[in-house]
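A.B. asks: for reference, the sequence and a predicted model appear below.
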Amino acid sequence: MNIYKELKTYFGYDTFKEGQEKLVTGILAGKDVLGIMPTGGGKSLCYQLPAVMLEGVTIVISPLISLMKDQVDSLNEIGINATCINSTLDQEELMERIKEIKENQYKILFVAPERLNTNIFRNTIRHITVSFVAIDEAHCISQWGHDFRPSYIEIPKFIKGFANRPMVAAFTATATKEIIIEIKKLIELQKPIEITTGFDRPNLFYQVSKAGNKFTYLMSYLKENFQSETGIIYCSTRKTVESLVKKLKEKGFSVEGYHGGMNADIRMKNQEDFMYNRTRIIVATNAFGMGIDKPDVRFVIHYNMPKNMEAYYQEAGRGGRDGEKSQCILMYSPSDVVKQKLIMENEYSSPERQALQYKNLQYLIDFCHTNDCLRNKILTYFGEVIIEEDCGNCSNCLDRSEMIDITLEAQKVLSCIYRIDQRYGVNIVTQVLRGSKNKKILQLGLDKVSTYNIMKNYSEQGVREIIMTLVARGYIHVTTDKFPVLKLTAQCREILQGDVKIHHKKELVEAIGSKDEKER
Ligand code: ADP
Ligand code: ZN
């Protein structure tokens, strides 16, 4: 059999997308495979094509009951017999399907993970030949990931239950090393052929905004861009979703909310209204996500910063699945960092895991403070090698704003951290530099240090910005404790000795009031 011929016959394509051919031929050769591809990369075809070519039935494990029906329908439309087993079926329907499966009426069988080890399912598949087991969204098995599903733990048990182990094909859009290692280990993939395709999404424009008033910024964005196209606005809490929906409705926007605390019917209705373009904008928590397959989302705005780059990439990646130009705007504010840390503290986790969470959060904070290409910063996170320095399609690459020399300011910040024995966090360092009369500062005697009040002409935001950009560039290290402390790195010597000059955007760091301070 010729795979190109089958590709054309069933799917109507002449060529494969990146990575697909190797995964398909791997499965056809009887090997385990692991496909790591971004959203929209074409993972489904990697198991659907071998499914029609191999003898027997392919079992596809998928966490998304809501999507199974769509997947089944579209397969049936192209002449591939498929069905699904999940909790939406009543007893009668279930028995009917089981009968049909045993009669070998289907080539592809979608199943929810919690069904795998039920007696009825195990008995059913004893009657059929299983060609291979495909696992969609395989990262759901990892507790380190952002989508952990306890029911995924059933998978290894299920596979062990076969007298002859079938081959296993796992797919995910997650590319972080820790999670990939865990997927391979927990699913017990055997010498899998591992294919990772590029994670770059060239049609997405990335921007970080540090607007003082987020709502005002959002209003002007919505007025000036994509006036009639659809978009997603992500918020970190249900409360923010509710209040933002209310405010946007008052301004006359076609908008609805989506979060885990809503009545299930309303939530479903809001999702469908958005999917079918009856609502233009959806304001949501991260509950709105995996499996949202709307091709023409033109903007994804993060009203609050998410918890790490992985989550940001996945959420922003819901824009532009049709390949058309789309925008991803991340609105940064220091208070969101505090919020994320609180969320992390309230989740039970080991100290080791918490430290990793803080580290991952810091990467995203650095992303918000870098002057380098944002796309490259994302791709570097996923371990991709960067070829061009300037992508020409992110806010940093397009930014022509005036840069000023902040070497002196940087020296002041670094000396201050040194003078207070590298024992405090951003807030205290900022207050000392700005000469705050805060009770805590006086109590600690920090008003006596020589660096007290040496940046009195700078706004609080300006000082923070300078600190954070020094963190982003590796001159300061933020510890991963509950109360993170600023420490100097060995690299900061080059700034203190004046060997290296450092520049930053004027509008973000400019001194206020008297300019005497800036004479040098
Ligand atoms: P993923 O599951 O990785 O997010 P999908 O399987 O939904 O991606 O595929 C994304 C899009 O790419 C779909 O619209 C699909 O029809 C299309 N596609 C998949 N394979 C090919 C191919 N070989 N050639 C052209 N388009 C493809
Ligand atoms: Zn760029």
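C.D. replies: Nice, I can see it. Fair warning: this is a prediction, and the values are worked out from it, not measured in the lab. Numbering: from 1, shown residues only. Ligands and ions are numbered 1, 2, ... in the order given.
A.B. asks: mean confidence for stretch 351-367?
C.D. replies: Along stretch 351-367, the predicted confidence averages to a pLDDT of 88.
A.B. asks: do the same with stretch 226-244
C.D. replies: Mean pLDDT, stretch 226-244: 94.
A.B. asks: just the terminal-to-terminal distance for it.
C.D. replies: 19 Å (CA to CA, to the nearest Å).
A.B. asks: residues from this protein in reach of ligand 1?
C.D. replies: Where proximity means CB under 6 Å from any ligand atom, the interface of the chain facing ligand 1 comprises 13, 16, 17, 20, 37, 39, 40, 41, 42, 43, 44, 45. Every residue, glycine included, has its C-beta placed from N, CA and C.
A.B. asks: quick one: which of these is most hemmed in?
C.D. replies: Counting by other CB atoms under 10 Å, residue 43 has the largest number of neighbours within the residues of the chain next to ligand 1, with 26 neighbours.
A.B. asks: so who does residue 37 touch?
C.D. replies: Remark: with contacts taken as CB atoms under 8 Å, 6 or more residues apart in numbering, residue 37 is in contact with 18, 19, 43, 171, 173, 195, 196, 197.
A.B. asks: can you tell me how far the third one is from residue 237?
C.D. replies: Which is residue 43. 31 Å (CB to CB, to the nearest Å).
A.B. asks: where does pLDDT dip in the stretch 101-250 of the chain?
C.D. replies: 145-146 (pLDDT under 70).
A.B. asks: touching the helix ranked longest in the chain from outside, list them.
C.D. replies: Longest helix of the chain, by residue count under DSSP state H: helix 351-369. Taking CB under 8 Å, 6+ apart as the criterion, the residues outside helix 351-369 that touch it are 144, 178, 208, 210, 305-310, 312, 330, 332, 337, 340-341, 344-345, 349, 374, 377-378, 381, 465, 468-469, 471-472, 478, 480-481, 484.
A.B. asks: now a PyMOL select for only the buried ones of the residues you listed.
C.D. replies: Typed into PyMOL, the next command selects the buried ones out of the contacts of helix 351-369 (criterion: 16 or more other CB atoms under 10 Å):
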select buried, resi 144+208+210+305+306+307+308+309+310+312+330+332+337+340+341+344+374+377+378+381+465+468+469+471+472+478+480+484
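A.B. asks: which of the contacts of helix 351-369 fall in strands?
C.D. replies: The members of the contacts of helix 351-369 that map onto strands under DSSP state E are 208, 330, 478.
A.B. asks: the first one contacts residue 374, correct?
C.D. replies: Which is residue 208. Yes: look at residue 208 against residue 374 with CB atoms under 8 Å: they come within range, at 6.8 Å.
A.B. asks: where do the contact lists of these two overlap?
C.D. replies: Shared contacts of residue 208 and residue 374 (CB under 8 Å, 6+ apart): 367, 395, 396.
A.B. asks: number of residues surrounding the first one?
C.D. replies: Close neighbours of residue 367, defined as other CB under 10 Å, add up to 23.
A.B. asks: list just the nearest of the contacts of residue 37 to residue 102.
C.D. replies: Nearest to residue 102, judged by CB to CB, of these is residue 171 at 27.4 Å.
A.B. asks: wasn't that closest one part of a strand?
C.D. replies: Yes: counting by DSSP: H, G, I helix; E, B strand; the rest coil, residue 171 is part of a strand.
A.B. asks: on that earlier part again, tell me the one of the ones in strands among the contacts of helix 351-369 nearest ligand 2?
C.D. replies: Nearest to ligand 2 among the ones in strands among the contacts of helix 351-369 is residue 208, at 11.3 Å by CB to the ion.
A.B. asks: ok, what's across the strand from that closest one?
C.D. replies: For residue 208, the beta-bridge partners are residue 330 (DSSP bridges).
A.B. asks: residues contacting it?
C.D. replies: For residue 208, counting by CB under 8 Å, 6+ apart, the contacting residues are 329, 330, 331, 332, 367, 368, 374, 395, 396.
A.B. asks: ok, the first one - contacts?
C.D. replies: In this case it means residue 329. Taking CB under 8 Å, 6+ apart as the contact definition, residue 329 lies against 207, 208, 209, 221, 299, 300, 301, 302.
A.B. asks: highest neighbour count among the residues you listed?
C.D. replies: Most neighbours among the contacts of residue 329, by other CB under 10 Å: residue 301, with 26 neighbours.
A.B. asks: wasn't that residue part of a strand?
C.D. replies: Yes: secondary structure of residue 301, determined by three-state DSSP: located in a strand.
A.B. asks: I figured it hits residue 226, correct?
C.D. replies: No: because the distance of 10.7 Å does not satisfy CB under 8 Å, residue 301 is recorded as not touching residue 226.
A.B. asks: can you tell me which of the residues of the chain next to ligand 1 lies closest to residue 122?
C.D. replies: Here the nearest of those to residue 122, counting by CB to CB, is residue 44; it sits at 25.7 Å.
A.B. asks: now that closest one: closest residue in space, sequence neighbours ignored.
C.D. replies: Counting by CB to CB, 6 or more residues apart in numbering, residue 71 is the residue found nearest to residue 44 once chain neighbours are left out, at 7.3 Å.
A.B. asks: now do the buried residues in the helix or strand encompassing the one you found.
C.D. replies: Using DSSP states H and E, residue 71 maps to helix 65-77. In terms of neighbour count (16+ other CB under 10 Å), helix 65-77 has its buried residues at 67, 68, 71, 72, 75.
A.B. asks: low-confidence regions, the stretch 301-450 of the chain specifically.
C.D. replies: Along the stretch 301-450 of the chain, segments meeting pLDDT under 70 span 387.
A.B. asks: write out the residues of it neighbouring ligand 2.
C.D. replies: If contact is defined as CB under 5 Å from the ion, the residues of the stretch 301-450 of the chain in contact with ligand 2 are 373, 375, 391, 394, 397.
A.B. asks: got the phi and psi for the first one?
C.D. replies: Okay, so that is residue 373. Per-residue torsions, residue 373: phi -60, psi 130 (degrees, to the nearest 10).
A.B. asks: hmm, it is touching residue 394, no?
C.D. replies: Yes: between residue 373 and residue 394 there is a contact at 5.8 Å, judged by CB under 8 Å.
A.B. asks: near ligand 2, which residues of this structure are found?
C.D. replies: Within the chain, the positions adjacent to ligand 2 are 373, 375, 391, 394, 397 by CB under 5 Å from the ion.
A.B. asks: let me have the residues you listed in TSV, extended by distance to residue 110.
C.D. replies: What follows is the residues of the chain next to ligand 2, written out as TSV (distance: CB to CB, whole Å):
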residue	distance to residue 110
373	40
375	35
391	38
394	38
397	42
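A.B. asks: so what's residue 7 up against?
C.D. replies: Contacts for residue 7 (CB under 8 Å, 6+ apart) come out as 13, 14, 16, 45, 49.
A.B. asks: got the contact list for residue 349?
C.D. replies: For residue 349, the residues meeting the contact criterion (CB under 8 Å, 6+ apart) are residue 357.
A.B. asks: in the stretch 1-150 of the chain, which spans are strands?
C.D. replies: 33-36, 57-61, 82-85, 108-111, 130-135 (DSSP state E, counting those that start in this stretch).
A.B. asks: in a markdown table, list those strands along with distance to residue 250 and mean neighbour count.
C.D. replies: Listed next are the strands of the stretch 1-150 of the chain as a markdown table, based on distance: least, CB to CB, whole Å; neighbours: other CB atoms under 10 Å:
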| stretch | distance to residue 250 | mean neighbour count |
| --- | --- | --- |
| strand 33-36 | 44 | 26 |
| strand 57-61 | 44 | 25 |
| strand 82-85 | 42 | 22 |
| strand 108-111 | 43 | 24 |
| strand 130-135 | 45 | 24 |
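A.B. asks: residue 33 against residue 190, yeah?
C.D. replies: No: the pair formed by residue 33 and residue 190 falls short of the contact definition of CB under 8 Å, at 10.6 Å.
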